[in-house]
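A.B. asks: Predicted coordinates and the sequence they were generated for:
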Amino acid sequence: MDLDFTEDQLDFRERVRTWLAENKPRDPRPDDPQGVREFDLAWQRTQWEGGWAGISWPAEYGGRGATLAEQLIWYEEYAAHGLPSIDACFVGQSHAGPTLITRASAEQKSFHLPRILRGEDIWCQGFSEPDAGSDLASLRTKAVVDGDELIVTGQKVWTSFAASADYQELLVRTDDSGTKHKGITWTVCDMHSPGIEVRPIRTMEGGAEFCEVFYDEVRIPLSNVVGGLGNGWSVAMSTLAFERGTAFTASQVHLARIVEDLIDYARDHVGPDRRRPAIADDEIARRLARARADVAALRAMTYVGICRSMQSDTPGPKGSMLKLHYADLHKDVSALAMEIVGPEALRRGADRHEQGWVGNYLHSFSSSIGGGTSEIQRNIIGDRVLGLPR
């Protein structure tokens, strides 16, 4: 395994760095759903026009067709330029798109994939429910086959960007006669269909990207089903594998920058004892060094994962190790920042878009929930990676 970049890869990094510096958005990202929609789709169109959309997608589907090493470079430079790791186009780019590529029909691919890449549609994910989050197989949203349509009734929750979305990757139960993992169907839901109600959820760190979605006899064509009726669990696992793989590389780079910013802050500001720079405290210095080492370990794990993924078209369960380590580290670093900065963190504000210390701390708790809780990740690692008994 060679973790050094080749000359061609270094040249690729320079091209990415130059293009992002010249083309990245200059205006601040809005907070309202419509503003977010217009801003993120405009940036997606810019990437499409520049030849950078769908960095991980095969060229035959309109993507960049980049190698895994090139994808890693793209995500690293993307984050280094201060661009958000998750925006309204994330689900389409990193969840729905890759899932459609691997599991959808030719007709479904030809319609949806170009629209995602060109910045015409936003997607959201309709998986979690009030009583079926970590235990996704317990979902109750029901779909009854009526002729050539599904009639859907139920509720989803924590649906990111649902208020802005055009389409949704939706899991429904079409058969409850067998085990709970069977009888689930993955379908494309038009978010403008009659009978859909979206209610944004205001979170403690100031965001409103999450939503509740209610379905009152919503009709969905059977032609929108991906992978066949009753095969949704298998299709959903493909979706989640992409989420737990390298899709969060940019988030890891953002975390590394937070650690370095915190080290700089500790050098220049008085610590909790109010007598000397924070970094002069041996315990704080030790914890900062540990945070930097843990970030380096996370980066090394990502590189190893990239090398491993070169041998498979679909990310495997070992991606859960990356997600688990990132979630734990994000929370630890954010808590350390609050200890070092102290009350000054409140005076500096909690603006999420400017990476305020308070905003980052509050947001860190979502790392161990979204995309499968840390408890679920440990179960996956124990069962599917280590082979431990259930």
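C.D. replies: Structure received.

A.B. asks: What ranges in this structure fall below the confidence cut-off?
C.D. replies: Within the chain, the ranges that satisfy pLDDT under 70 run 1-3, 205-206, 239-248, 306-316, 347-355.

A.B. asks: And it, split by domain according to the record?
C.D. replies: 7-117, 123-230, 244-385 (automatic domain parsing).

A.B. asks: Could you dump the ones you listed into CSV with mean neighbour count and distance to Ser238 added?
C.D. replies: (Glycine included, C-beta is placed from N, CA and C.) Formatted as CSV, the domains of the chain follow (neighbours: other Cβ atoms under 10 Å; distance: least, Cβ to Cβ, whole Å):
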stretch, mean neighbour count, distance to Ser238
domain 7-117, 17, 5
domain 123-230, 19, 9
domain 244-385, 17, 6
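
A.B. asks: can you put these in CSV and add distance to Met237?
C.D. replies: Compiled in CSV, these are given as follows (distance: least, Cβ to Cβ, whole Å):
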stretch, distance to Met237
domain 7-117, 10
domain 123-230, 10
domain 244-385, 9
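
A.B. asks: So which of those domains is nearest Ala236?
C.D. replies: Each of the domains of the chain was scored for nearness to Ala236 using Cβ to Cβ, and the closest is domain 123-230 (5.8 Å).

A.B. asks: Give me the helices and strands touching the longest strand belonging to the chain, please.
C.D. replies: The residue-count maximum for a strand in the chain (DSSP state E) belongs to strand 211-221. The contact analysis (3 or more Cβ pairs under 8 Å, 6 or more residues apart in numbering; DSSP states H and E) places strand 211-221 against strand 123-126, strand 149-156, strand 184-190, strand 196-200.

A.B. asks: Name the next helix or strand downstream of the first one, please.
C.D. replies: Right, strand 123-126. strand 142-146 (DSSP states H and E).

A.B. asks: just how off-centre is that following strand within its chain?
C.D. replies: Taking Cα atoms, centre = their mean, to the nearest Å, one finds strand 142-146 lying 30 Å from the centre of the chain it belongs to.

A.B. asks: other SSEs contacting that strand?
C.D. replies: Partner elements for strand 142-146 (3+ Cβ pairs under 8 Å, 6+ apart): strand 149-156, strand 167-173.

A.B. asks: Take those and write them to CSV, including distance to Ile279.
C.D. replies: Below are these laid out as CSV (distance: least, Cβ to Cβ, whole Å):
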stretch, distance to Ile279
strand 149-156, 46
strand 167-173, 46
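
A.B. asks: Could you check how far Leu229 is from Val36?
C.D. replies: Distance, Leu229 to Val36, using Cβ to Cβ, to the nearest Å: 34 Å.

A.B. asks: if I read this right, Trp357 contacts Val341, doesn't it?
C.D. replies: Yes - using Cβ atoms under 8 Å, Trp357 is in contact with Val341, at 5.0 Å.

A.B. asks: between the helices and strands packed on strand 142-146, which one is nearest to Pro58?
C.D. replies: Closest among the helices and strands packed on strand 142-146, using Cβ to Cβ: strand 167-173, at 19.4 Å.

A.B. asks: hang on, isn't Val16 packed against Tyr75?
C.D. replies: No - the pair Val16 / Tyr75 is not scored as a contact, 9.7 Å apart, by Cβ under 8 Å.

A.B. asks: what sits against Thr46?
C.D. replies: Contact partners of Thr46, counting by Cβ atoms under 8 Å, 6 or more residues apart in numbering, are Asn23, Pro25.

A.B. asks: Which helix or strand contains it?
C.D. replies: helix 33-50.

A.B. asks: immediately after that helix, which helix or strand?
C.D. replies: helix 68-80.

A.B. asks: For that following helix, name the packing helices and strands.
C.D. replies: helix 7-23, helix 249-268, helix 282-309.

A.B. asks: Redo the ones you listed as TSV? Include distance to Leu329.
C.D. replies: Formatted as TSV, the helices and strands packed on helix 68-80 follow (distance: least, Cβ to Cβ, whole Å):
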stretch	distance to Leu329
helix 7-23	25
helix 249-268	7
helix 282-309	5
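
A.B. asks: Phe111 is nearest to which of the helices and strands packed on strand 211-221?
C.D. replies: That would be strand 184-190 among the helices and strands packed on strand 211-221, by Cβ to Cβ, at 9.3 Å.

A.B. asks: From Gly97, how far out is the closest residue to Gly63 other than its chain neighbours?
C.D. replies: Once flanking residues are discounted, Gly63 sits nearest to Trp57: 2.4 Å by Cβ to Cβ, 6 or more residues apart in numbering. Distance from Trp57 to Gly97, counting by Cβ to Cβ: 6 Å.

A.B. asks: re the thing from before, the helices and strands packed on helix 68-80: which one's closest to Pro130?
C.D. replies: When these are compared by Cβ to Cβ, helix 249-268 sits nearest Pro130, at 26.5 Å.

A.B. asks: how far off helix 282-309 does that closest one point, in degrees?
C.D. replies: Angle of helix 249-268 versus helix 282-309, following axes from the mean of the first three to the mean of the last three Cα atoms, to 10 degrees, is 160 degrees.

A.B. asks: who does helix 249-268 touch, helix- and strand-wise?
C.D. replies: Looks like helix 249-268 contacts helix 68-80, helix 282-309, helix 319-341 (3+ Cβ pairs under 8 Å, 6+ apart).

A.B. asks: re the thing from before, out of the helices and strands packed on strand 142-146, the one nearest Arg257 is which?
C.D. replies: Ranking the helices and strands packed on strand 142-146 by proximity to Arg257 (Cβ to Cβ) places strand 167-173 first, at 30.7 Å.
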